[in-house]
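> Here is a sequence with its predicted model. Questions after.
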Amino acid sequence: MMLMGAFVRTAVLPWHHLHSQGISPQHFFQCVISTLPQKSPPRLALAISNAGKGNSDGLSRVCARIGSSSLSTPSTTMDELWPILDLALERRPLKRLALDEGFIPNRNGIHALRIGVDGGTWLADPNTQLAHICYRLCGLLRPCVSVVFVFEAGAGAQDPRTAAFHKLIEAFGFHIRITPGDVVTELARLNCLEVLDLIFTTDMEALVFGATHLLGGG
């Protein structure tokens, strides 16, 4: 099985500055996305990252646009931004991604791409069979890839499916991390701190919490 990865780079934004201006992170992202052309090249997402990281002039221009009376942004949920971001995604096989972004640059000293996965979402559907989960785990089993599954403390503690899932994860040589708080928040924090190179989640709120690199299947 080949797992195709949509490799996204977004800004690590100074949220305290936005808050002082009375601007919510959700509104900020809506306005940034509204400036994208209809057909954006893959590198456009990286350009957004460079403009939003340590570039006060660029941030001020966006804030000015947000405050403009001529801007009309419809009410949008975070999940609805995925189709818009598709304009700026690049799709690559996971093994190619691991080579280009993990093994060759070796930024972490282990010649591997470190991926954090929201483990709870894999069991969100009660009809999901462990055989299907095993198949998905095979998709992450690639050279130069280190995977950690993050679970919320106490979530599914008494569920035999969760216990079996944990055993499968360990059998594949992957890691498990239990967080006392929200999983998406923890993944975004670890990604922002560069403990993780990528996070595998479909939750757009990861961007609000500071995630810089997202991986999605497709």
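Cool, the structure landed. Just so you know, these numbers come straight off a predicted model, no measurement behind them.
> Describe which strands the longest strand seen in the chain pairs with in its sheet and in which direction.
If you go by DSSP state E, the chain has its longest strand at strand 145-152. Using DSSP bridges, the strands paired with strand 145-152 are strand 113-118 (parallel), strand 175-179 (parallel).
> What helices and strands are in contact with the helix or strand following the longest one?
Counting by DSSP states H and E, the next helix or strand C-terminal to strand 113-118 is helix 130-140. The contact analysis (3 or more CB pairs under 8 Å, 6 or more residues apart in numbering; DSSP states H and E) places helix 130-140 against helix 160-171. C-betas here are computed from N, CA, C, even on glycine.
> Flag every buried residue along the helix it packs on.
By neighbour count on 16 or more other CB atoms under 10 Å, the buried set for helix 160-171 is 162, 165, 166, 168, 169.
> could you check the angle helix 130-140 makes with that helix?
Relative orientation of helix 160-171 versus helix 130-140 (axes from the mean of the first three to the mean of the last three CA atoms, to 10 degrees): 30 degrees.
> What is helix 160-171 packed up against?
Short answer (3+ CB pairs under 8 Å, 6+ apart): helix 160-171 packs on helix 130-140, strand 175-179.
> Contacts for the shortest one, please.
Strand 175-179 has contacts (CB atoms under 8 Å, 6 or more residues apart in numbering) with 116, 119, 146-153, 166, 169-170, 186.
> what's the farthest-apart pair in the residues you listed?
Maximum pairwise distance in the contacts of strand 175-179, criterion CB to CB, is 22.5 Å, between 146 and 153.
> per-domain residue ranges of this structure.
Annotated domains of the chain cover 4-88, 93-215 [automatic domain parsing].
> Flag whichever of those domains has the least confidence on average.
Mean pLDDT is lowest for domain 4-88 among the domains of the chain, at a mean of 47.
> Let's have the contacts of strand 175-179 in TSV, adding distance to residue 139.
Shown next, in TSV, are those (distance: CB to CB, whole Å):
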residue	distance to residue 139
116	16
119	15
146	15
147	10
148	16
149	14
150	18
151	19
152	23
153	27
166	18
169	13
170	17
186	23
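> Report the buried members of the residues you listed.
116, 119, 146, 147, 148, 149, 150, 151, 152, 166, 169, 186.
> nearest residue to the last one other than its sequence neighbours?
Which is residue 186. residue 179 (4.2 Å; CB to CB, 6 or more residues apart in numbering).
> Helices along this protein, start to end?
With DSSP state H as the criterion, the chain has helices at 15-20, 25-34, 44-52, 56-67, 82-85, 94-98, 130-140, 160-171, 183-192, 205-208.
> what about residue 103, neighbour count?
Residue 103: 15 surrounding residues under other CB atoms under 10 Å.
> Tell me who's in contact with it.
Contacts of residue 103 by CB under 8 Å, 6+ apart are 111, 112, 113, 143, 144.
> Could you measure from the first one over to residue 117?
When distances are taken as CB to CB, to the nearest Å, residue 111 and residue 117 turn out to be 20 Å apart.
> Show me which of the two is the more surrounded one.
residue 117 (27 against 16).
> thought that one was touching residue 148?
Yes. The criterion here is CB atoms under 8 Å, and residue 117 meets it with residue 148 at 7.1 Å.
> so what sits against both of the two?
Residues touching both residue 117 and residue 148 (CB under 8 Å, 6+ apart): none.
> Nearest residue to residue 181 in space, ignoring adjacent ones along the chain?
Nearest one to residue 181, counting by CB to CB, 6+ apart, is residue 152 at 7.4 Å.
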